[in-house]
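Engineer: for reference, the sequence and a predicted model appear below.
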Amino acid sequence: MASSPNSPKANSLSSQGNITPTNENEGMLVELSFPVLDYVNEIRFKHGIKLEEYNRYRNFCSRKLHNLRKQLKPAPSKSNKYVHEEFPVPLNDNRYLEILTVRCERSWSHGMDLKSKCETSTMNNNRGRHYYMRKFGKAYRLSVLLLEYSQKYANNKTVNNAKVYKNFMEGVLRYEQERFEEAHQCLSAYSSVMEQKLRAISREKGSEGYAAQVSQLNAMVKMCTFHMKVIGKKISTTQTNQHEDINAQLIMVRKTEENNYVVYCRGVAVPLESQLLPQKILDALDSIDKLHLTETLLSSFNGGEDLSRSLNEEVTSKFTKQELLNNYDEVTSLFNGCSEDVYSELMSNIENQDQVRKLEDSLRLMKSLLEVEKHLVLLTLTLNELLCEAYEPLPNSSEGMRYANILKQHLASLIEDPTLGTSFLVPNEVVRTVNALLLSVHSFRKGDLKEGMSLVHWSNSRSMMNFDTPERQKNRLLWRCIVSFSNLQAMCSLVSSRYYQRLFALFAREKESKDLKEDEDVMDIFNIEKNLVFCRPLLFDLAFIYYEPPDLHTGTRFKGVRNILSSLWN
């Protein structure tokens, strides 16, 4: 009689894991969803792995297994009698996948506990090493079983999580077996996913657990690399004959003769397993055309006066800030969807993780450029509003300060980019100038005239900077950002020249009403250096009576006296 495909004889891995599927077909087939990696990270961090308390973590796994089995057990049984664990077919509850995960974690933690005791022993304990190697092997077999059940009854996200989790258990086993080449490949794949998880939730609560895993994995990968170099083996990496082009587009999608889409990252083709991801990336790239404000209007303006007049006629009279924000948020949401699919591709496409990781970095860079462009447009419109508020002597500049601070944060990360970092050095100085101008208005509103006058004097004294504008065809988003920064500088110069006279009048009026006891404050505000002059004090004081200070930048004493006398007669 032929055995059924779900019987223990047909499934050797199930028999190795002491789990037998039953033939209960009651209920409808439901696709399970269980976040294996997030679940493992959470229970490890909360129950002892942070401090390497493997015995404590193993005890937690035993208690967790007891509770899960008690919840799923149809009838009570004797506690002193072994009961073979049976899973229904098909699986209809996520707790069955949780049981496999916790069993795998218990075997792994037991092996780590035995390994730590064996390494601290003074004698050569070959029996102890054989014992913890058996535990690591059992953990690996259970991870393979978890992957098989996930492929049958779970969604793609759970399958990808199970694949990555199996790589970790296999990497640990191969590392202890001193098969360092296989261990390096498995642990590197798992480490790449953990680093992506850490970047995605860098500010959330679970990031500390992922950071601990990444540090532990890096140590194991370095040890594998060391042993591979000692025995003369090269590290196997996926190499392509294509070379990156720095001047190429960050991401580009082309259609082949077979009507298939190919994604290029800086001129290099990225092999993808997903058939829908290239189409999603193409839709996200095409959605940038909706942002025609920066593309057509802001790139055609010349000078501050023309920019202010055109903004009032073409932008502020037709669009509101909320409408502009909605357009940018719509485009950004498409790129966020692409990033999630790339994350799934990173877990499933193990052989091409390097290329997929570069695609992920390019998507993150494009989202940063879109955020910079959005806040540049909003900041330019805010400065234009300061010009239009003629009736109020000191308008509120808090909104512009918020946009400027957000821009500073984005620029700080973009400057660290090895390819585009130098392009944002001049824009960073422009944002500093705009921030100083807005802070000066805010200081005058608070009553801090000294701070406000020094800031506006510093921003007004800065000269116009030249931008190295890239070609539009090579890097479209970068070109849009640089053009927006150029317009922001022109608008800042116009606002600064207009508000400098107004703020200086307020500062002088306030100083006239009070006694100037400390002239050094005024000299510090306007960056006036107090140099000693070789002349008589009487002549020096007489020269300042007529508010015509002489030119004291002379080399000798006699020239200084001659200039003072000529200024008196003039």
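Structural biologist: Good, I have the coordinates.

Engineer: quick one: contacts for residue 177?
Structural biologist: Residue 177 is in contact with residue 133, counting by C-beta atoms under 8 Å, 6 or more residues apart in numbering. No exception for glycine: its C-beta is placed from N, CA and C like everyone else's.

Engineer: tell me the contacts of the residue nearest the centre of the chain?
Structural biologist: The chain has residue 199 as the residue nearest its centroid, 5.9 Å off, counting by C-alpha atoms, centre = their mean. By C-beta under 8 Å, 6+ apart, the contact list for residue 199 is empty.

Engineer: tell me, how many residues neighbour residue 488?
Structural biologist: Neighbourhood size, residue 488 [other C-beta atoms under 10 Å]: 24.

Engineer: any idea how far residue 480 is from it?
Structural biologist: Between residue 488 and residue 480 the computed distance is 13 Å (C-beta to C-beta, to the nearest Å).

Engineer: measure how far stretch 335-355 is from the centre of its chain, please.
Structural biologist: Distance of stretch 335-355 from the chain centroid (C-alpha atoms, centre = their mean, to the nearest Å) equals 16 Å.

Engineer: quick one: least confident helix or strand in this protein?
Structural biologist: helix 12-16 (a mean of 46; mean pLDDT, DSSP states H and E).

Engineer: mind listing the strands for the stretch 51-200 of the chain?
Structural biologist: 85-87 (DSSP state E, counting those that start in this stretch).

Engineer: so where's it shaky on pLDDT?
Structural biologist: 74-83, 122 (pLDDT under 70).

Engineer: can you pull out the helices in it?
Structural biologist: 54-72, 94-120, 126-153, 156-176, 180-200 (DSSP state H, counting those that start in this stretch).

Engineer: which of those is buried the deepest?
Structural biologist: Highest mean neighbour count of the helices of the stretch 51-200 of the chain: helix 156-176, a mean of 22 (counted as mean count of other C-beta atoms under 10 Å).

Engineer: which strand or helix spans the residue nearest to residue 405 when sequence neighbours are not counted?
Structural biologist: Leaving aside its chain neighbours, residue 405 sits nearest to residue 435 (7.4 Å; criterion: C-beta to C-beta, 6 or more residues apart in numbering). Using DSSP states H and E, residue 435 falls within helix 425-446.

Engineer: and the helices in the stretch 201-350 of the chain, which stretches?
Structural biologist: So, for the stretch 201-350 of the chain - with DSSP H, counting those that start in this stretch - the helices run 207-230, 277-286, 292, 304-310, 321-348.

Engineer: ok, now how distant is residue 502 from residue 261?
Structural biologist: For residue 502, the distance to residue 261 - C-beta to C-beta - is 57 Å.

Engineer: more neighbours, those two?
Structural biologist: residue 261 (17 against 14).

Engineer: please name the bridge partners of the more buried one.
Structural biologist: residue 255 (DSSP bridges).

Engineer: what sits against it?
Structural biologist: Contacts for residue 261 were tallied using C-beta under 8 Å, 6+ apart; they are 253, 254, 255, 278, 279, 282.

Engineer: go again with 10 Å.
Structural biologist: Counting by C-beta atoms under 10 Å, 6 or more residues apart in numbering, residue 261 makes contact with 253, 254, 255, 272, 275, 276, 277, 278, 279, 280, 281, 282.

Engineer: tell me the buried residues within the residues you listed.
Structural biologist: The neighbour count (16 or more other C-beta atoms under 10 Å) marks 253, 272, 277, 278, 280, 281, 282 as buried among those.

Engineer: out of these, which is nearest to residue 119?
Structural biologist: residue 272 (42.9 Å; C-beta to C-beta).

Engineer: the closest one against residue 353, yeah?
Structural biologist: No - the criterion here is C-beta atoms under 10 Å, and residue 272 misses it with residue 353 at 12.0 Å.

Engineer: can you list the domains in the chain?
Structural biologist: Per the record, the chain has its domains at 12-177, 261-513, 531-569, by automatic domain parsing.

Engineer: could I get the ones you listed as CSV with distance to residue 215?
Structural biologist: Formatted as CSV, the domains of the chain follow (distance: least, C-beta to C-beta, whole Å):
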stretch, distance to residue 215
domain 12-177, 11
domain 261-513, 19
domain 531-569, 57
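
Engineer: which stretches of this protein have low pLDDT?
Structural biologist: Using pLDDT under 70, the flagged stretches of the chain are 1-29, 74-83, 122, 202-206, 234-247, 294-306, 389-392, 473, 511-570.

Engineer: ok, longest helix in this structure?
Structural biologist: In the chain, with assignment by DSSP state H, the single longest helix is helix 476-513.

Engineer: helix 425-446 and that one, what's the angle between them?
Structural biologist: 30 degrees (axes from the mean of the first three to the mean of the last three C-alpha atoms, to 10 degrees).

Engineer: buried residues in helix 476-513, which are they?
Structural biologist: Across helix 476-513, burial judged by 16+ other C-beta under 10 Å covers 476-496, 499-500, 503, 506-507.

Engineer: quick one on the thing from earlier: for residue 185, see how far away the residue nearest to residue 405 is.
Structural biologist: 48 Å.

Engineer: switch the helices of the stretch 51-200 of the chain over to a markdown table; also include distance to residue 375.
Structural biologist: Output for the helices of the stretch 51-200 of the chain, formatted as a markdown table (distance: least, C-beta to C-beta, whole Å):
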| stretch | distance to residue 375 |
| --- | --- |
| helix 54-72 | 45 |
| helix 94-120 | 42 |
| helix 126-153 | 42 |
| helix 156-176 | 33 |
| helix 180-200 | 22 |
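
Engineer: of those, which is nearest residue 444?
Structural biologist: Per C-beta to C-beta, nearest to residue 444 of the helices of the stretch 51-200 of the chain: helix 180-200, 41.7 Å.

Engineer: from the chain's centroid, how far away is stretch 419-439?
Structural biologist: Distance of stretch 419-439 from the chain centroid (C-alpha atoms, centre = their mean) equals 20 Å.

Engineer: show me which residues of it are buried.
Structural biologist: For stretch 419-439, by 16+ other C-beta under 10 Å, it's 420, 423-424, 426-427, 430-439.

Engineer: look up how far residue 489 lies from residue 466.
Structural biologist: Residue 466 is 10 Å from residue 489, by C-beta to C-beta.

Engineer: overlap in contacts of the two?
Structural biologist: residue 426.

Engineer: so how many other residues sit close to residue 93?
Structural biologist: Other residues close to residue 93 by other C-beta under 10 Å number 18.

Engineer: tell me the phi and psi of it?
Structural biologist: Backbone torsions of residue 93, given as degrees, to the nearest 10, read phi -150, psi 140.

Engineer: which ones are touching it?
Structural biologist: So residue 93 contacts 27, 30, 32, 34, 68, 71, 72, 87, 99, 153 (C-beta under 10 Å, 6+ apart).

Engineer: could I get those in CSV, plus columns for distance to residue 181?
Structural biologist: Below are the contacts of residue 93 laid out as CSV (distance: C-beta to C-beta, whole Å):
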residue, distance to residue 181
27, 46
30, 41
32, 35
34, 32
68, 37
71, 43
72, 41
87, 35
99, 33
153, 34
